[in-house]
Every structure is written in C-alpha cells, then in structure tokens.
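**Student:** Just to be clear, the model below is a prediction. Sequence and coordinates:
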Amino acid sequence: MRRLLDVSLETKINGILIGVMSLIIISLSVFYLYHSSNEYYDNARRLTLQSAKTISFLPSLVDGDDLSDNEKIQALTNKYIFENDIDFVIVKNREGIIISHPDPSMIGEHEPFEEDARANIFGAYYTEQTDKYLEPSILAMAPIYAGDEARQLSGVVKVGYFESKIIEKIMDKLYQLIFMIFTFIIISFFISRWFGEYIKSQTLGYEPKEITMILKNRENIFSALDEGIIASDLSGKIIYVNNAAQEYLNISKNASLDEFNIRNYFGSSMDTMLENDGSRNGIRYFETQLNDKEIIVIVNNLYEKEELSGHVIILRDMTEMSELSNKLTIVESLFDDLRAQSHEYKNRLHLISGLLEMEKYGGIREVLNDEINDIDAYQNNLKGIEADHIKALLIAKMNKANEKRVKFNIDDESQMDNISDKFTINALITIISNLVDNAIEAVVDRKEPEINFYIGAFEGWLEIMVQDNGAGINDEYEIFTKGYSTKDGGINRGYGLFNVNYNVELLNGYIDVKSVEGRTTFTVEVPLIQGGGENEYPDSRG
C-alpha cells in the first residue's frame, strides 16, 4: 500500500480524478439502467393489461351467452397478436376450458384456475410474472362478461409478454451505457492529465514531499538566523516571523499573528517606509532602539504577479557592531596619537640630549616641567568625566589636535557620570567624535587654531558643546543633509554631521548651531534620567 502511494503528484491526481469521475459515471449509469429496467417492466404490465381489457370487450367475446366458437376466437386473438406488441393470448371459459392458445394442441383442454382465479371469481384486472407459458413472461388477466341483456362472467383473457424481450432492451441500453462510460473515462483521462500538469506547473515541478522539505529547510534556515525576518501585508499586519523576530518583538511562539501589526512597533518611521513604496527595487532602512538594542530596520517590497502585495522587514542588531566600530575608532585614534607622541618624545629626547652635552641643566628641568604640566592638564580637565569610553575618546582627540598643532581646551567644569547603556554610549561616541573631527578640520589651516569642548549634565539633560574658530558656516540647516560637505574631497564626505544629527534624533535630543564673529558653536542636548545606577532616555523631551 505504501508503494502504491509513493508515486508522483501527477500520477496521484490522475488516479484520483479518473477514479472519482469513473465512480460518478458508473453510479449514474447503474441508476439510469435500474430506472430504465423498471420502466420497461412497467410498460410491459401496462401494455398487457390494456390488451387484456381490450380483448375482453371485443364483440366476438361478449355477444352471446357462452364462448363456443373456438376458431373465430383463435383467429381474432392471432390477429390482435399480429397487430400489437404482445406475444400470446389465452382465452378460457368459466369452466377452465381453453378456447384460444398459442399452442393449438392445447385448445379444448382444461386448465385449472391458479394465477387467473381472481379474474374468474371476482372479476379482477391485474398482472403477474410467470414461467408457465413457453418462457418467463409478464401475464395480464381480465374477466370476460357475456350476454345480451344481463351480462355474466363467462371467461378469462390472459395476455402475455416475454421477459426476454425486456431483457433484450435492457442489454441494448447497457451496451450504449458501456460505450458512453468508456468514452467518458477516456475524456476523464485527458482532463486529469491536463489538470495534473497544471497543478505541477503551479508547484514549479516539485512533488509534495519536496515542497514540504523545502518549507522545513526554509524554516530551519530562517530560525537559525540572528537577523529577524518579518513579512507583512499592505496594511502592516504581520503574516510571518522567524524566531529571532519573535524575540525582538516579544511575540510568543503560540500567539496568533492576526493580533500584531508592524506599524505598532516602529511608529512614524515605519509608516514613512511603508508609504514610500514607489521605488520598485528600492530598499529602505532606518535605525531605531528596540528592547535596549540598537536595531537597523531594512524594508523591501513583496510583489505578486508584478503587483505590490506586502513588505519584508529585516531586523539587524547593530549594538555589538556599533560598539566594536566605536572601540576600533578609539583604538585607531590612540594608535595615531601614540605614533605622534613617540615622534614628539623623540624630538624632546634629542633636545634633552643636546642640553646635557651643553650642560644646560636648567633647560632640561624646564622641558621636563612642561611635559609634567601637560600631563597634569590632561588629568585635571578629564577628572570630572567618569565614563571611560568618553574619556578615552577625548584623550585620543586631544592627541590628534596636538599633533596638528591645534589648541584643544576642555572646560574645567566638564563632568559626566558613567553610562551603562550601550546604545546611548555608542550614540554619544558618534556625536562627539564627528563634532570634534569636523572642528579640527575647520581650524587646521587657521593662524591660531583653537577648539573648546564642554560636556555636562543639568536638570535631567546632558549637554555637549564643541566650539571652533574656523571659517564659519553659511547654511546652518543644509550641513545636516546626507552627502553635503563644505570641503572638496571625494565620495565619503558629507556624512559626519548627518550621523551626528541622526544619533541626536535617536536619543530624542536636539542640536543647535551658531556661527558668528569667527566662532562656530555646536550644542547638543539629550534627555537624561538617572536611576538605580543606569541611564534611561525617555521617548520624548519635556
């Protein structure tokens, strides 16, 4: 049985369709044949009974007191048999003497009243089936009433119709039905072949087992991904999520997806992405924070028959990558600073060596005092900043500024508590790093380049201020546009301030720019609520 079921989809469809259609056709044919057989028998009963009644009322039988003219009656019945579709006629008088019979030798013989007793005694009209005469027949009985004035029961007429003629008609009908059944089965075969090929084309030629295996493999692959994969219809209702997406969105594995809409998780950013589906092959993305994770959301369109049918959303956790990128940025800055410092210290060692040769010990003391004061200045300026990542970043930027001969002043009042939230610290690193780098580039060609930096907390807000004495900014709004740059130099420019503005918006803060009298000041403020040793940023300012 298992081997019989282990066949191709097309073979199964052919077998099922042919079997069902054949069963229907055969069932209808059997019903029709049964109905036709009953109709043939009913017609035979009506015909024989009507013939018996007609013969029983013939003048030759009813005129007179008895049935005596055998030859006349025999001729009359033979003529009636010839003119009508009946097989034999038997006429008996009241005493049971046969007056007319298909077998002439039976005329004059006595026949007991058996199946015709009701007609002879009660004058009843009826039919029966019998095999007494020649062959099995449908036999109709009718009484004969004779007499001129007072008619009396004088005999019985029996009219027979052979069942073989009925069976012959049924067989003719059966042959016709067999031919029709065979024709319909052949047609069903071609229909099932066409339908099987159509179904197979819709399944891309795959068998059900192969489709099941593909779906299982797809689900296993999607479940193994760390990236969340979500499919939604045009209204945003979620129709598929993999395991990672369920964790990102806190959706239970047994929950009904009909209750969830992707717009409820990402607000206006997702609304903008879903409405901006005019680009057929365009992939849109935005960054957001979800469950204390920095998430990049990638949105693409789903099409069915070249018509937009929904969207596929990919959630990618960028927290560790952003942290690693920021650490790499700091390390690279520190490496560059160490290289610059090694060069600077080498020059100072040469200076000290020359002063030793000249026995100028006082000059040596001055060089060492300057170096110690610089180190103390670093420590004093950064003593209020407890966040290690920010402190390391500022040290790297101070060394970079020193290498380029740019004066980097950190306000003595600067302070910052430690922040444990990775998303927040990564965003702040991006903001500070880009603002300081832009300031260094803005003043590096000035006669007396100078940068002032301040960071501090007040009334639940964190403030970052970067000021430079560069050439200034003409358009204070255009500078935050992606790809916009006031400098010449390649495709990678114009992203620094865009990233600053983007990360400020992620923290629900705001940025202010003022450029007057040779001073350009960037001021960033983000909401900060401290509690339990952790920092949390509310969804909106105020």
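**Tutor:** Structure received.

**Student:** Mean pLDDT per helix and strand in this protein: which one sits at the bottom?
**Tutor:** strand 534-536 (a mean of 44; mean pLDDT, DSSP states H and E).

**Student:** Show me where the stretch 351-500 of the chain has its strands.
**Tutor:** For the stretch 351-500 of the chain, the strands defined by DSSP state E, counting those that start in this stretch cover 407-410, 450-458, 461-468.

**Student:** center of this structure - which residue?
**Tutor:** Nearest residue to the geometric centre of the chain (Cα atoms, centre = their mean): Ile239, 6.4 Å.

**Student:** I'd say that one and Ser256 touch.
**Tutor:** No - Ile239 lies out of contact with Ser256 (Cβ atoms under 8 Å); the separation is 11.4 Å. Glycine gets a C-beta too; all of them are placed from N, C-alpha and C.

**Student:** Quick one: the helices in the stretch 151-300 of the chain, in order.
**Tutor:** 163-202, 208-224, 243-249, 263-275 (DSSP state H, counting those that start in this stretch).

**Student:** contacting residues for the nearest residue to Phe189 once chain neighbours are set aside?
**Tutor:** Leaving aside its sequence neighbours, Phe189 sits nearest to Ile18 (Cβ to Cβ, 6 or more residues apart in numbering; 5.9 Å). Going by Cβ atoms under 8 Å, 6 or more residues apart in numbering, Ile18 touches Ile185, Ser188, Phe189, Ser192.

**Student:** Report the buried members of the residues you listed.
**Tutor:** Ser188, Ser192 (16 or more other Cβ atoms under 10 Å).

**Student:** what would the contacts of Ile18 look like in CSV with distance to Glu478?
**Tutor:** Shown next, in CSV, are the contacts of Ile18 (distance: Cβ to Cβ, whole Å):
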residue, distance to Glu478
Ile185, 79
Ser188, 74
Phe189, 74
Ser192, 69
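
**Student:** Make a markdown table from the contacts of Ile18 and add pLDDT and distance to Ala44 to it.
**Tutor:** Output for those, formatted as a markdown table (pLDDT from 0 to 100; distance: Cβ to Cβ, whole Å):
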| residue | pLDDT | distance to Ala44 |
| --- | --- | --- |
| Ile185 | 80 | 33 |
| Ser188 | 79 | 36 |
| Phe189 | 80 | 39 |
| Ser192 | 78 | 42 |
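
**Student:** re earlier: buried deepest among the helices of the stretch 151-300 of the chain, which one?
**Tutor:** Neighbour counts (mean count of other Cβ atoms under 10 Å) averaged over each of those peak at helix 243-249, with a mean of 19.

**Student:** chain center to that helix: distance?
**Tutor:** 18 Å (Cα atoms, centre = their mean, to the nearest Å).

**Student:** what's that helix in contact with?
**Tutor:** 222-223, 225-230, 241, 251-253, 260, 265, 290-291, 293, 295, 315, 317.

**Student:** which regions of the stretch 301-450 of the chain lie under the pLDDT threshold?
**Tutor:** For the stretch 301-450 of the chain, the stretches with pLDDT under 70 are 319-320, 322-323, 326-327, 329-334, 336-348, 350, 359-361, 367-368, 370-381.

**Student:** could you redo the last one with a cut-off of 80?
**Tutor:** Residue ranges of the stretch 301-450 of the chain with pLDDT under 80: 305-306, 318-381, 399, 403, 421-423.

**Student:** what about the helices in it?
**Tutor:** Secondary structure of the stretch 301-450 of the chain (DSSP H, counting those that start in this stretch): helices at 319-357, 361-382, 388-403, 422-443.

**Student:** Excluding chain neighbours, give the residue nearest to the residue nearest to the centre of the chain in space.
**Tutor:** Using Cβ to Cβ, 6+ apart, the nearest residue to Ile239 is Ala231, at 5.2 Å.

**Student:** Contacts only, for that neighbour.
**Tutor:** Ile238, Ile239, Tyr240, Val241, Leu302, Gly310, His311, Val312, Ile313.

**Student:** Of those residues, which pair is most distant in space?
**Tutor:** Using Cβ to Cβ, the pair of the contacts of Ala231 lying farthest apart is Val241 and Leu302, separated by 14.6 Å.

**Student:** the more surrounded of those two?
**Tutor:** Between Val241 and Leu302, counting by other Cβ atoms under 10 Å, Val241 is the more crowded of the two (25 against 14).

**Student:** Quick check, that one in contact with Leu257.
**Tutor:** Yes - here Val241 lies in contact with Leu257, judged by Cβ under 8 Å, at a distance of 7.0 Å.

**Student:** Mind listing the shared neighbours of those two?
**Tutor:** Common neighbours of Val241 and Leu257 (Cβ under 8 Å, 6+ apart) are Ile251.
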